[in-house]
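Participant: I would like the atomic coordinates for the input below:
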Amino acid sequence: MRSADPGSSRRLQSLLLSIALTAIAAPALIVANVHTPAPHAGQAAAPEQASAAPLSTPPPVEPFRIRDLDPDQAREYNASIPFVSGALQTARAFNWSSGSEDRERALDCLATAVLYEAGDDTTGEKAVAQVVLNRVRHPAFPDTVCGVVFQGAERNSGCQFTFTCDGSLARTYSSPAWDRARTVARLALQGSVDKAVGNATHYHTDWVVPYWSAHLDKIARVETHLFFRWSGWWGTPAAFKASYRGGEPRIEKLAGLFDAHKSAEELAKASVGTIDAATIAGSALPQPLDSNPDTFLVTIDPALDPATLPALARRACGDRSYCKFMSWAGNAPSKLPLSANDIRTMAFSYLRNRAGNFDKALWNCDLFQRSDASQCMRRSAPMPENDFALENLPGTRSVSVPGPLKGVRRKTGRLMPVPADNASGD
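Facilitator: This next block holds a predicted model:
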């Protein structure tokens, strides 16, 4: 039997050593390069992922655009996506810290959102309110309630809440429905929390599939609505750190519903003719002329109901037995005598003369319509300014003794003025 060649023996030993080293190194290399899939919508994020430091910027907020699926297909797809595992984390109570104007605007916006999104269903309204307030505290969204609700409303489609850009605001709801919605909104702003949706920032009905739903964690269902949060750190409670600082914007689309969203011009117009003069504080009543304590020259507040001007005049006149109250829609003159233009533009007059058992109010019916024509000032040719007296205005004078016959001359040969007609038609 022949012995082995020494050179061959050494080569064999080297080969065996290489095989042994490969057997040790290969598994380590495989483990080091294995692909770990990102958490799926049906998986809970790993603890280390949830507690990791956030990205430098929040994730983008995608517009609400849906996939081209019919309702049955959408429901089937949505049902195939499991909910994330683990307990649902409750959102922090909203902490209100702003002024009354911000509060009123925020309440209007939130009540509108819950009513138009949930349709007068209290359970759904609470869930919608929670999502809106979750967004207010998340850095990816506007930091006001109205800013969140109407984000993207300038678009024809793709807004965040569809009712803000699809014409739904033209639909009307009953007063009781609005009262219920405002109650839900008010309680949410005061710290009430809907635990059913946790820290959800997105939701949709189960008969549609938005493009963004594939990238978010599905966490809850309320009736026909599915609720989502962002995966990873941006969906954890630590991400909802923004503090509410107010600064609610005026929403033009709500101006027709709420005074808090009207412009100054709209408020002035809306208040025209709505205030009862009988409700004006005594300290705010018009004051008489210094030179004539029985005469008032007044600029009418456009907010006053014209029908209540006699009450204003009587309150201003107080217990005077004789009183003249004259008022204008524009700036009132400041002294007597009145100019021809002052007489022509007078809007309302009131004359009291208790000695003659007379008390009468007249309106300029070119400005204020009256159903009784006897309450309208009758216009006549302008009289000389120095001869003007309220008693001489047509419709104001009360005649107890018949005047001279028309056209009759006195013996002096001087032509007497023709008496004015009685404005009341008596």
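Participant: from residue 293, how far off is residue 219?
Facilitator: Distance of residue 219 to residue 293, given as Cβ to Cβ, to the nearest Å: 76 Å. Backbone N, C-alpha and C define where each C-beta goes, glycine included.
Participant: neighbour count: those two, which is higher?
Facilitator: The residue with more neighbours, out of residue 219 and residue 293, is residue 219; 22 against 11, by other Cβ atoms under 10 Å.
Participant: ok, that one touching residue 84?
Facilitator: Yes. Residue 219 is within contact range of residue 84, at 5.7 Å (criterion: Cβ atoms under 8 Å).
Participant: domain map for this protein?
Facilitator: Annotated domains of the chain cover 71-264, 287-392 [automatic domain parsing].
Participant: so how far is the shortest one from its chain's centroid?
Facilitator: What separates the centre of domain 287-392 from the centre of its chain is 40 Å, taken as Cα atoms, centre = their mean, to the nearest Å.
Participant: swap in the longest one?
Facilitator: Between the centre of domain 71-264 and the centre of its chain there are 15 Å (Cα atoms, centre = their mean).
Participant: quick one: end-to-end distance for that domain.
Facilitator: Using Cα to Cα, to the nearest Å, the end-to-end distance of domain 71-264 comes to 46 Å.
Participant: same question, stretch 286-301
Facilitator: 11 Å.
Participant: repeat that for stretch 149-162.
Facilitator: End-to-end distance of stretch 149-162 (Cα to Cα): 10 Å.
Participant: could we number from 462 for the rest of this?
Facilitator: With 462 as the first residue, the last one maps to stretch 610-623.
Participant: for that stretch, buried residues please.
Facilitator: For stretch 610-623, burial by neighbour count (16 or more other Cβ atoms under 10 Å) applies to 610, 611, 612, 613, 614, 620, 621, 622, 623.
Participant: what of stretch 687-706?
Facilitator: Buried, per 16+ other Cβ under 10 Å, within stretch 687-706: 687-697, 700-701, 705.
Participant: just name the closest of those to residue 665, please.
Facilitator: Closest approach to residue 665 among the buried residues of stretch 687-706 (Cβ to Cβ): residue 687, at 6.1 Å.
Participant: and the closest one, bridged to which residues?
Facilitator: residue 665, residue 682 (DSSP bridges).
Participant: that one touches residue 539, doesn't it?
Facilitator: Yes. At 6.2 Å, residue 687 and residue 539 qualify as touching, with contact defined as Cβ under 8 Å.
Participant: which residues sit in contact with residue 793?
Facilitator: Contacts for residue 793 (Cβ atoms under 8 Å, 6 or more residues apart in numbering) come out as 758, 759, 760, 787.
Participant: hmm, 10 Å instead?
Facilitator: The contact partners of residue 793, taken as Cβ atoms under 10 Å, 6 or more residues apart in numbering, are 747, 757, 758, 759, 760, 761, 787, 799, 803, 806, 807, 808.
Participant: quick one: what helix or strand has residue 607 in it?
Facilitator: Taking DSSP states H and E as the criterion, residue 607 maps to helix 606-610.
Participant: apologies, that question was intended for residue 802.
Facilitator: helix 801-806.
Participant: same check, this time on residue 689
Facilitator: strand 686-691.
Participant: re the thing from before, which strands or helices does the helix holding residue 607 pack on?
Facilitator: In terms of contacts (3 or more Cβ pairs under 10 Å, 6 or more residues apart in numbering; DSSP states H and E), helix 606-610 is packed against helix 561-579, helix 583-597, helix 636-650.
Participant: present those helices as JSON lines; the columns should include distance to residue 766, mean pLDDT and mean neighbour count.
Facilitator: JSON lines is the format used below for the helices and strands packed on helix 606-610 (distance: least, Cβ to Cβ, whole Å; pLDDT from 0 to 100; neighbours: other Cβ atoms under 10 Å):
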{"stretch": "helix 561-579", "distance to residue 766": "25", "mean pLDDT": "95", "mean neighbour count": "22"}
{"stretch": "helix 583-597", "distance to residue 766": "37", "mean pLDDT": "98", "mean neighbour count": "24"}
{"stretch": "helix 636-650", "distance to residue 766": "23", "mean pLDDT": "96", "mean neighbour count": "17"}
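Participant: nearest to residue 738, out of those helices?
Facilitator: helix 561-579 (27.1 Å).
Participant: right, and residue 745 touches residue 762 too?
Facilitator: Yes. The pair residue 745 and residue 762 passes the contact test of Cβ atoms under 10 Å, sitting 9.3 Å apart.
Participant: neighbour count winner among those two?
Facilitator: Using other Cβ under 10 Å, the more surrounded residue of residue 745 and residue 762 is residue 762, with 15 against 7.
Participant: please name the nearest non-neighbouring residue to that one.
Facilitator: Excluding the flanking residues, the one nearest residue 762 by Cβ to Cβ, 6 or more residues apart in numbering is residue 736, at 7.3 Å.
Participant: just residue 792 next, same as before
Facilitator: Of all residues not flanking residue 792 in the chain, residue 760 sits nearest, at 5.8 Å (Cβ to Cβ, 6+ apart).
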